[in-house]
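Enquirer: generate a structure from the sequence data that follows.
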Amino acid sequence: MDGVSAAAPAVSRAGRMVRVSGPLLEAEGVPDVRMGEILRVGSDALSAEVVAVEGTRATMQAYEYTGGVRVGDPAVRTGEPLSGLFGPGLLGRAFDGLMRPLTDAPLWLSPARAETGRDGDATRWRFVPAVAPGTEVGEGAMLGTVPGAGAVEHRVVVPVGVSGVVGWIADEGEVDAEARVAEVGGRAVHLSERWPMRRPRPFAARLSDPAPLHTGQRVLDLLFPVARGGAAAVTGGFGTGKTMLLQQVAKWCDADVIVYVGCGERGNEMADVLEDFARLVDARTGGRLIDRTVVVANTSNMPMMARELSIYTGIGIAEFYRDMGHDAVVIADSTSRWAEALREFANRRGDLPAEEGFPANLASELAAFYERAGRVTTLGGHDASVTVIGAVSPPGGDLSEPVTTITQRFVRAMWTLDRDLAYARHYPAVHWAGSFARDADGLARWQTVQGDAEWAARRATALEILAEADRLASLAEVIGVNSLPGRERMVALGGRLLREAVLAQNALSPNDATCSDAKGAALLDLVLAVVEACHAAIDRGVTATAIERVDFGPVIRAAQDVGPEDADAIAAIRARMLATLGALT
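Expert: The predicted model follows:
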């Protein structure tokens, strides 16, 4: 704690305000104040976190609107960092960056308490014990479960720093959210726990062998996969479909828990997310998708520094479910707005600006955020993960701006959206030339162990065809496609088939909104086999014009004509197309 006696008079824990500049506050005469501590400022006791200390002078960032705060107002120490209440009741709901509920909140939120919590939540939860008194347990061991707390099993685990013999455990029954449910090693364990927002939760070991996170989006799963517990970024200019792609990943990826962080985005987009997730049937559970989703919303009209905090709130919630043994995905839309909040506050403090006015510590802040992704062995011995996917919104689509270039250094996959593809109605508009996946080799080994030894070869061949087709497209604009030799015309045809039959995906089609690994592999096999058959026909003396007259419609329509799991139907289309091409003379 803060080392100040609980019996000390309140005046000994308070200073007075000497500067108010938007979210930047300064107080003088605050005794023994610490970095990261929360002070209560003004008559409304607004939350402000200490970011710099010089003697008894504290510089703070406020997480709420500071209108009405005046020089001379009190600034009272709490002795604790900003913490959230982590427990049942998170899934299926929306919160702001301070973890105050938005789903059933009034129009105006009350100021946060000294310990951020969910005031007025009178929900009682049924606790089911999983161990008996006298059992020896360690950190992270499961003590019981809470049925009905979402679409995934809510496990009550031994908190960090607690271990020993279970001296007492509650009987099965209903309890309050903050009730004591067990005693371990002489220490009380509650149904919910408070944890500092910015502090990473510990784990036993980090796992290095990659396993893929299936997103349901073919261009990602086939060409630019992200590993479970990895970090990825989606970058692109305005109107290229970043939010749409992130929502599709959230809907269809095979994670247990989704944490969707709306950081500085428009309020109507967050409303659409809530509406869609509440309506969409979850293919994994048969219930609603929202029942395994937590939404953290700090839209563009909310306080600037709460936007900065919302990123840490979201990843803290994900780590909370990771420690239960679940795989969680954090969708952060967007990290550019988060970086802009850092820039504005740094400018108010008078910090020396770096490139484009961003603070000099921007790289370390981004690194610390993405570093919290990982596939780990939890303290309780589970294999679990937190995967982080962030959106980057470069002004004017300039991919050389600082947030984009710094992010590329710390993520394992980059999905670059192309304006020309987006305007051509090619969804997702992920461009193969500007994207990468650093875990592709490790995931190829995983695919081989799972029985798909051709995964890496298919991926390499597809990327080679796309790159060559792009090169020929520039040449064809000058001399005309019909002037190209036959083999080059087949490469151009192959690039078009890959784009239209495999990489493009219809988010509104029940057959094509998501795609299984088996169907995606079958579609790619279909196109590569057709391209190879076209080259074979050229070698037999068949003219390129004759090949181009073949109806490739079944190939292009295959993804939407068959179900998301139906790889056998794709194989039948492949057999018919190869027979047709083989008959050409």
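Enquirer: CA atoms for contacts and neighbours, from now on please.
Expert: Noted.
Enquirer: show me the contacts for Ala453.
Expert: Applying CA atoms under 8 Å, 6 or more residues apart in numbering to Ala453 gives the contacts Ala444, Gln447.
Enquirer: secondary structure element holding it?
Expert: Assigned by DSSP states H and E, Ala453 belongs to no helix or strand.
Enquirer: number of nearby residues for Tyr423?
Expert: A count of nearby residues for Tyr423, using other CA atoms under 10 Å, gives 12.
Enquirer: skipping adjacent residues, who's closest to it in space?
Expert: Among residues not flanking Tyr423 along the chain, Thr240 sits closest, at 7.8 Å (CA to CA, 6 or more residues apart in numbering).
Enquirer: tell me the contacts of the residue nearest to Val30 when sequence neighbours are not counted?
Expert: Take Val30 and drop its neighbours on the chain: the residue closest to it by CA to CA, 6+ apart is Gly15, 4.3 Å away. Listed by CA under 8 Å, 6+ apart, the contact partners of Gly15 are Ala27, Glu28, Gly29, Val30, Pro31, Pro74, Ala75, Val76.
Enquirer: below-threshold pLDDT in the stretch 51-200 of the chain: ranges please.
Expert: Across the stretch 51-200 of the chain, the ranges flagged by pLDDT under 70 are 104-122.
Enquirer: please redo it, this time with the cut-off set to 90
Expert: For the stretch 51-200 of the chain, the stretches with pLDDT under 90 are 55-56, 63-65, 67, 96-98, 100-123.
Enquirer: do the same with the stretch 201-350 of the chain
Expert: In the stretch 201-350 of the chain, residues with pLDDT under 90: 208, 238-239, 243, 247, 263-288, 298-308, 333-334, 348-350.
Enquirer: all strands of it, in order?
Expert: Along the stretch 201-350 of the chain, the segments classed as strands by DSSP state E, counting those that start in this stretch run 205-206, 231-235, 257-263, 293-298, 327-333.
Enquirer: mind putting those in a markdown table, mean neighbour count and distance to Ala132 included?
Expert: What follows is the strands of the stretch 201-350 of the chain, written out as a markdown table (neighbours: other CA atoms under 10 Å; distance: least, CA to CA, whole Å):
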| stretch | mean neighbour count | distance to Ala132 |
| --- | --- | --- |
| strand 205-206 | 14 | 28 |
| strand 231-235 | 28 | 40 |
| strand 257-263 | 29 | 29 |
| strand 293-298 | 28 | 32 |
| strand 327-333 | 28 | 28 |
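Enquirer: any idea which of these gets closest to Val531?
Expert: Val531 lies closest, by CA to CA, to one member of the strands of the stretch 201-350 of the chain: strand 231-235, at 30.2 Å.
Enquirer: and that closest one, what does it pack against?
Expert: If you count contacts as 3 or more CA pairs under 8 Å, 6 or more residues apart in numbering; DSSP states H and E, strand 231-235 packs onto strand 383-392, helix 402-410, strand 413-416.
Enquirer: before we move on, back to that, dump the strands of the stretch 201-350 of the chain to CSV, plus distance to His214.
Expert: Supplementary listing: the strands of the stretch 201-350 of the chain in CSV, determined by distance: least, CA to CA, whole Å:
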stretch, distance to His214
strand 205-206, 21
strand 231-235, 13
strand 257-263, 14
strand 293-298, 17
strand 327-333, 11
